[in-house]
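Trainee: Sequence plus predicted model, see below.
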Amino acid sequence: MQITFLGTSSGVPTRSRNVSSVALRLPQRAEVWLFDCGESTQHQFLKSDFKSSQIRRIFVTHMHGDHIFGLPGLLASCGMAGTGQQQIDIYGPPELAKYLDACRRYSKTQSSYPIQVHVTEPGKVYEDDDFIVLCQRLKHRIPAHGYRVVEKDRTGHFDVKRALSLGIPSGPLYGKLKRGEVVTLADGRKVNGAELCGPAIVGRKFAYCTDTVFCESAIELAVEADVLIHEATFAHQDAELAYQRMHSTSTMAAQVALAAQVKQLIITHFSPRYAPGNVLQLSDLLNEAQAIFPNTIMAKDFLTYDIPRKNVSANVEVAV
């Protein structure tokens, strides 16, 4: 699992930062999942090594323009790319489907591939054999959701040599043994697959919380996450403004990370008011967050962060 930031500014783009979008790359299935899709996200794609044909799911937090204005253009470009685009599933508020339908209707845009829009409600949003995606209501001026992606645990490495030494023939039985099942051989012996597999590989957890002021549901989404991406629109001294606009300060983001006991906090969604030359700089926001939660880094456009796996018994990181 690999995270790439395609936009890290709040409200409006700046010369160095586009508005909100984060790409989650799943190399094992050659897929990219997007979280939010602000204006010019497709241009950011062109500057990265992503391919639009890899986009399979888009998770939208809320209906503010800096999180959705890039969707119509990106979806239209996917249809024009001629690269065999698969169905794209989009998850978001009830108004999202109406917004996309109006954009297509008034721009006379025809989609050459299926688009399915799913309305998000607190709880499970999506599940397959490898992942579960959950969402919770955050605290913003309009309805907004944060997301949590949980990768399911995987069975450890299957010892083929040992299986052969036990006289177990290769074939369908190996699949059952790899899943840790108990199988009965032709000679009546019972073999526990778990004994032929190495330590389980713990699935990774990723949380995405924006836009929101400090709230308990953000902590719930982030509990023991390997990575928490949390907005930090304002500096601590601008907390009153943060409460007025229902956004977080750098210290609020750090408090969520600390309470949730996450491994890594990445702050993003910065107000342009902290641009170079102003009294307060973005480095001040980073220092404020690190004073509460030291394992904090600051996102910038095209920052890429790899989330390592961990072997449950040996507690050893595994690059997968």
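Mentor: In hand now; what should we look at?
Trainee: Quickly find the element holding Ile266.
Mentor: strand 264-268 (DSSP states H and E).
Trainee: And that strand, what does it pack against?
Mentor: strand 227-231, helix 250-260, helix 282-292, strand 296-298 (3 or more CB pairs under 8 Å, 6 or more residues apart in numbering; DSSP states H and E). All C-beta atoms are positioned from the backbone trio N, CA, C, and that covers glycine.
Trainee: try it again with 10 Å
Mentor: Counting contacts by 3 or more CB pairs under 10 Å, 6 or more residues apart in numbering; DSSP states H and E, strand 264-268 is packed against strand 2-7, strand 205-209, strand 227-231, helix 250-260, helix 282-292, strand 296-298.
Trainee: The third one: partners in the sheet, and parallel or antiparallel?
Mentor: Strand 227-231 has these partner strands in its sheet, going by DSSP bridges: strand 205-209 (parallel), strand 264-268 (parallel).
Trainee: go on, the shortest one?
Mentor: Paired neighbours of strand 296-298 in the sheet (DSSP bridges): strand 264-268 (parallel).
Trainee: Show me the strands in the stretch 101-250 of the chain, by range?
Mentor: 115-119, 123-127, 131-137, 145-151, 182-184, 190-192, 201-202, 205-209, 227-231 (DSSP state E, counting those that start in this stretch).
Trainee: and those strands as CSV, adding distance to Ile168?
Mentor: Formatted as CSV, the strands of the stretch 101-250 of the chain follow (distance: least, CB to CB, whole Å):
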stretch, distance to Ile168
strand 115-119, 43
strand 123-127, 32
strand 131-137, 31
strand 145-151, 29
strand 182-184, 8
strand 190-192, 7
strand 201-202, 23
strand 205-209, 35
strand 227-231, 39
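Trainee: still on that earlier bit, tell me which of the strands paired with strand 227-231 sits most buried.
Mentor: strand 205-209 (a mean of 27; mean count of other CB atoms under 10 Å).
Trainee: now the angle from that one to strand 145-151?
Mentor: 170 degrees (axes from the mean of the first three to the mean of the last three CA atoms, to 10 degrees).
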